[in-house]
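Participant: Need coordinates for the below:
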Amino acid sequence: MKKRKKVLVVLGGLSREREVSLKSGRACIKAIKKLGHYVKTLDPKKKPLNQINKNQTDIIFNALHGKYGEDGIAQSNFEYLRIPYTHSGVISSMNSMDKIISKNIFISNRILTPRFLHLNLNDNVNLIKSKIARKKFKLPIVLKPIREGSSIDVNICFNYSRILSVLKSLSKNYKEILCEEFIGGQEIQVAVINKKAIGSIELKPKRKFYDYKAKYSKSAKTTHIMPANLSKKNYRKVMKIAERVHKIMGCRGVTRSDFKFYKNKFYLLEINTQPGMTSLSLVPEIAKYYNISFESLIKKILSDASLHK
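Facilitator: Residues are numbered from 1 along each chain as shown. You can find the predicted model right below:
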């Protein structure tokens, strides 16, 4: 991409991950300017996506996170406008954001993922308890929203009183949630750029798990181990799984796949089609370790901008 392009960075938005998106977007803006391109910005909270000026935009750099930004809705707008955009397309974004759909796709492709239940929070509490009991989950279990990112409202429950209180709390904002078996072991995350896995990182959070604060607050003091502490064989294995998942889900540009490694098995938790680009984000950290500068990373993402994904 030698010619100077008019790049529109879409950031902020309306989701609960707005602040993360703003941080990611600002970092990307600096890098895109360093690459020599013209940059404009649009925040969907202030101006709707359908007001993007097609004649003044060569590429849309999607720096949105969460609802409306990585669930296929923003991507549908970009397709309607006929402007090439970064990251994954409509269907892959929608499927990857939905934890029930994505986990069923993993299972159908024989990719190991924690066992789970789809819970309707309009159901009677006793019915929900019986569903969990029939699944024979061992405590603790994980309760989390089906379509949120950044570990928002993810809860690990060690007893049934905690399960009931979390169900009550989540029912205020959600009609349905995911109930998942808890997998111990190592937290492993793999970055894929343009279909190729570039590296993996291991995380050791000081908190109970790698939650929102552990991801975005320096005070959480999560230990990052680079490269992940795995045998060469297992390191290659998790890289191959991440590449395969990226392909199966129909993703483009950059993704980050999150795994737990327990008793010599990799369990895929989810794939992220809009991974963070903040100073504490994992994809830039992985890239840097493998001598890919932030500007080079952004250049690779821009080079894959397209339509009809």
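
Participant: got any ranges where the stretch 201-309 of the chain has weak pLDDT?
Facilitator: Residues of the stretch 201-309 of the chain meeting the criterion pLDDT under 70: 207-220, 309.

Participant: All the helices of the stretch 51-200 of the chain, residue numbers only.
Facilitator: With DSSP state H, counting those that start in this stretch as the definition, the stretch 51-200 of the chain shows helices at residue ranges 73-81, 90-97, 99-108, 125-134, 160-170.

Participant: Which one, of those, ends up nearest to G250?
Facilitator: helix 90-97 (3.9 Å; C-beta to C-beta). Heads up, the C-betas are built off the backbone N, CA and C, glycines and all.

Participant: who does the residue nearest the centre of the chain bridge with?
Facilitator: What sits nearest the mean C-alpha location of the chain, by C-alpha atoms, centre = their mean, is N272, with 2.5 Å. Taking DSSP bridges, one obtains R256 as the residues bridged to N272.

Participant: hang on, the earlier thing: which of the helices of the stretch 51-200 of the chain comes out lowest on mean pLDDT?
Facilitator: Mean pLDDT per stretch puts helix 125-134 lowest among the helices of the stretch 51-200 of the chain, at a mean of 86.

Participant: Hey, what's the angle from that one to helix 160-170? Just curious.
Facilitator: Regarding helix 125-134 and helix 160-170, their directions subtend 120 degrees when assessed with axes from the mean of the first three to the mean of the last three C-alpha atoms, to 10 degrees.

Participant: Can you tell me what sits against helix 125-134?
Facilitator: Helix 125-134 is touched from outside by 117, 119, 121, 123, 141, 160, 163-164, 167, 179, with contacts defined as C-beta atoms under 8 Å, 6 or more residues apart in numbering.

Participant: about what we covered before: list the contacts of the residue nearest to the centre of the chain.
Facilitator: Under the criterion of C-beta under 8 Å, 6+ apart, the contact list for N272 reads 70, 96, 149, 255-258.

Participant: Burial-wise, tell me which of the helices of the stretch 51-200 of the chain comes out on top.
Facilitator: When you average the neighbours per residue for each of those (mean count of other C-beta atoms under 10 Å), helix 90-97 leads with a mean of 22.

Participant: Quick one: list the elements packing against that one.
Facilitator: Under the contact criterion of 3 or more C-beta pairs under 8 Å, 6 or more residues apart in numbering; DSSP states H and E, helix 90-97 touches helix 73-81, helix 99-108, strand 265-272.
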